[in-house]
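Asker: below are the sequence and a predicted model; questions follow.
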Amino acid sequence: MKLYRGTIELQSKDHRPDFHNVTEGVKKIVEESGVKNGICVVYSPHTTCSVITQECSHDLNFFGREYLQQDLNNIMEKLVPTCRTEGQYLHPGPKHIEFALTFPDEEPKGSLNTDAHLRSVFFGRSETIPLVDGNLSLGDFGFIYFIDWDQIRERKRVCEVQIIGE
Amino acid sequence: MKLYRGTIELQSKDHRPDFHNVTEGVKKIVEESGVKNGICVVYSPHTTCSVITQECSHDLNFFGREYLQQDLNNIMEKLVPTCRTEGQYLHPGPKHIEFALTFPDEEPKGSLNTDAHLRSVFFGRSETIPLVDGNLSLGDFGFIYFIDWDQIRERKRVCEVQIIGE
Amino acid sequence: MKLYRGTIELQSKDHRPDFHNVTEGVKKIVEESGVKNGICVVYSPHTTCSVITQECSHDLNFFGREYLQQDLNNIMEKLVPTCRTEGQYLHPGPKHIEFALTFPDEEPKGSLNTDAHLRSVFFGRSETIPLVDGNLSLGDFGFIYFIDWDQIRERKRVCEVQIIGE
């Protein structure tokens, strides 16, 4: 049994949730690993991001987002509305803002990503995908998406891939 | 450390979500594996299906569905209403329909399973269950359900089981 | 490759969902395991509990719950309202109550935790967290929470930790 680890660096934009298609990146790490059968964990260490598998929707909206992703955003906008001001959610409270401001270049509005924290837990931090004869078991139409729910700022993200098998 | 893989074939009906109780099937694969301690990943490669663990609800509605499953359906019907016509969701768009029609016997209404794609990601594609002394750690009342959210058509589905342990 | 297992015992209160911060407990089990690289599965065998990772919210409400947790509760209260009487949900039906009453000291209202069963499946039973150089990959601000959604009764719970790696 063998363990292999890889990471995929991502650049998220601000103003809306980002759906990063990481399928090719994960496939490349699987190939590098030499593991043929086992499991592949695709994981976000960030508490405002999620990993899902979903089909490709082909059509894009004006913002370059696939239709199915925008449908998901529309549902989440009703369930967990985008945070537009302090007081809309309990979080962030005064102690959290005080904590956040101990970091350089941080400003209070940088903590108004409550919606991203809440949305992300609905979809989980990871997907565990079987590896079968060297291939990720994604069916005929499955892709892996790393979702950055944080709309507050541009930032670099890391998608982790942990493989166990033989 | 040992790796073992098994699959369970399922037949889904149309017109409503299907909850397949796969507990006995998974237990059989665990027994075949000879693995006593480790992890058991129960997984759907289909992008309109989910795997959950839940208790048995005992009472059945007129359609043969357990009460707790119908309660979950009722909630999902509000959160992600059943797709009844094109235009209700953005997906499927014209390019996706064009892609779908490249497959034999496919017709446009076959892509109106947007609700199933969206519902399925809320519950994840898999559950990872500890194996302890040869038993799945499901508590006193836990069962494993493979949910097929797709209401469009009858079809065969595969539940994958990947076991790692010793 | 090595397998290690640990458990964390928890005491839940009644009347509201309980968020147990199990981060330190999991870290202790990781240390005991001696495993430096691999995966750590943090799991609930209970069908009314979930495991999530999330940041610490610092501010507490009058009930001692972190603000972000209360925000999540508020959303779930709308999506899956607290069960306050039989008939609010289909479950528990008469057969389930009959089954429940075969257990000692059980009374019908003890089965009115339908909301907890339903809420728990939205967040999954487990999180699978990469282990990297002896550390859980939780980012700078990540913590592990074991959520007991059951508001019906005080009870002991077990959080299971299954580690595979080297």
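Answerer: Good, I have the coordinates.
Asker: can you map out the strands along chain A?
Answerer: With DSSP state E, the ranges of strands along chain A come out as A:2-12, A:18-21, A:38-43, A:49-55, A:126-132, A:135-136, A:142-148, A:155-165.
Asker: now these as JSON lines including mean neighbour count and mean pLDDT?
Answerer: In this view, the C-beta of every residue, glycine as well, is placed from N, C-alpha and C. Conversion of the strands of chain A to JSON lines gives the following (neighbours: other Cβ atoms under 10 Å in any protein chain shown; pLDDT from 0 to 100):
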{"stretch": "strand A:2-12", "mean neighbour count": "17", "mean pLDDT": "98"}
{"stretch": "strand A:18-21", "mean neighbour count": "20", "mean pLDDT": "97"}
{"stretch": "strand A:38-43", "mean neighbour count": "25", "mean pLDDT": "98"}
{"stretch": "strand A:49-55", "mean neighbour count": "24", "mean pLDDT": "98"}
{"stretch": "strand A:126-132", "mean neighbour count": "25", "mean pLDDT": "98"}
{"stretch": "strand A:135-136", "mean neighbour count": "16", "mean pLDDT": "98"}
{"stretch": "strand A:142-148", "mean neighbour count": "24", "mean pLDDT": "98"}
{"stretch": "strand A:155-165", "mean neighbour count": "21", "mean pLDDT": "97"}
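Asker: looking at these, which is nearest to B:F143?
Answerer: Proximity of the strands of chain A to B:F143 was assessed by Cβ to Cβ; the nearest stretch is strand A:126-132, lying at 19.9 Å.
Asker: quick one: contacts of that closest one?
Answerer: Contact with strand A:126-132 is made by A:30, A:35-44, A:51-53, A:136-138, A:144, A:163, A:165, B:5, B:41, B:43, B:45, B:124-126, B:128, B:160, B:162, C:127-129, as judged by Cβ atoms under 8 Å, 6 or more residues apart in numbering or on different chains.
Asker: quick one, that strand and strand C:49-55 angle?
Answerer: With axes from the mean of the first three to the mean of the last three Cα atoms, to 10 degrees applied, the angle from strand A:126-132 to strand C:49-55 works out at 110 degrees.
Asker: can you lay out the strands of chain A as CSV showing distance to B:I97?
Answerer: Formatted as CSV, these follow (distance: least, Cβ to Cβ, whole Å):
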stretch, distance to B:I97
strand A:2-12, 30
strand A:18-21, 21
strand A:38-43, 29
strand A:49-55, 13
strand A:126-132, 27
strand A:135-136, 27
strand A:142-148, 19
strand A:155-165, 31
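Asker: and of these, who's closest to A:D105?
Answerer: The minimum distance between A:D105 and the strands of chain A falls on strand A:155-165, with 12.2 Å, by Cβ to Cβ.
Asker: what's near enough to touch A:M76?
Answerer: A:P17, A:D115, A:R119, A:F122, A:W149.
Asker: check contacts around the fourth one.
Answerer: I take that to be A:F122. If you count contacts by Cβ under 8 Å, 6+ apart, then A:F122 has A:S50, A:M76, A:L79, A:V80, B:F122, C:F122, C:F123 around it.
Asker: same thing but 10 Å
Answerer: Contacts here follow Cβ atoms under 10 Å, 6 or more residues apart in numbering or on different chains; on that basis A:F122 touches A:50, A:76, A:79-80, A:149, B:121-124, C:52, C:72, C:75, C:79, C:122-124.
Asker: out of those, the closest to B:E86 would be?
Answerer: B:V121 (21.1 Å).
Asker: how near is the residue lying closest to that closest one once chain neighbours are set aside to chain C?
Answerer: Nearest residue to B:V121, sequence neighbours excluded (Cβ to Cβ, 6 or more residues apart in numbering or on different chains): A:I52, at 4.8 Å. Noted for A:I52: a distance of 12 Å to chain C, by Cβ to the nearest Cβ, to the nearest Å.
Asker: in this structure A:I52 contacts A:I144, no?
Answerer: Yes - at 7.7 Å, A:I52 counts as touching A:I144 under the criterion of Cβ atoms under 10 Å.
Asker: dump the residue contacts of A:L138.
Answerer: The contact partners of A:L138, by Cβ under 10 Å, 6+ apart, come to A:23, A:26-27, A:53, A:55, A:127, A:129-130, A:144, B:45-47, B:125.
Asker: out of the residues you listed, which one sits closest to chain C?
Answerer: In terms of Cβ to the nearest Cβ, no member of the contacts of A:L138 lies closer to chain C than A:E127, at 9.1 Å.
Asker: for chain B, what is the nearest residue in chain A?
Answerer: Each residue of chain A has a distance to chain B, by Cβ to the nearest Cβ, and the smallest belongs to A:D59, at 2.9 Å.
Asker: now do that residue against A:Y67, distance only.
Answerer: For A:D59, the distance to A:Y67 under the criterion Cβ to Cβ, to the nearest Å works out to 5 Å.
Asker: same check on A:T53?
Answerer: The span separating A:T53 from A:Y67 equals 17 Å under the rule Cβ to Cβ.
Asker: same deal with A:V121?
Answerer: Distance of A:V121 to A:Y67, computed by Cβ to Cβ: 25 Å.
Asker: quick one, which of the two is more surrounded?
Answerer: A:V121 (25 against 21; other Cβ atoms under 10 Å in any protein chain shown).
Asker: measure how buried the closest residue to A:N61 other than its chain neighbours is and give me the count.
Answerer: Residue nearest to A:N61 in three dimensions, not counting chain neighbours: A:Q70, with 5.2 Å by Cβ to Cβ, 6+ apart. For A:Q70, the neighbour count with other Cβ under 10 Å is 22.
Asker: kindly report the same for A:E24.
Answerer: Each residue near A:E24 was counted by other Cβ under 10 Å, and the total is 11.
Asker: need the per-residue pLDDT for it.
Answerer: With respect to pLDDT, A:E24 scores 98.
Asker: ok, it touching A:C159?
Answerer: No - proximity of A:E24 to A:C159 does not meet the contact threshold set by Cβ under 10 Å, at 11.9 Å.
Asker: which neighbours do these two have in common?
Answerer: Once Cβ under 10 Å, 6+ apart is applied, the residues that A:E24 and A:C159 both contact turn out to be A:I8, A:I144.
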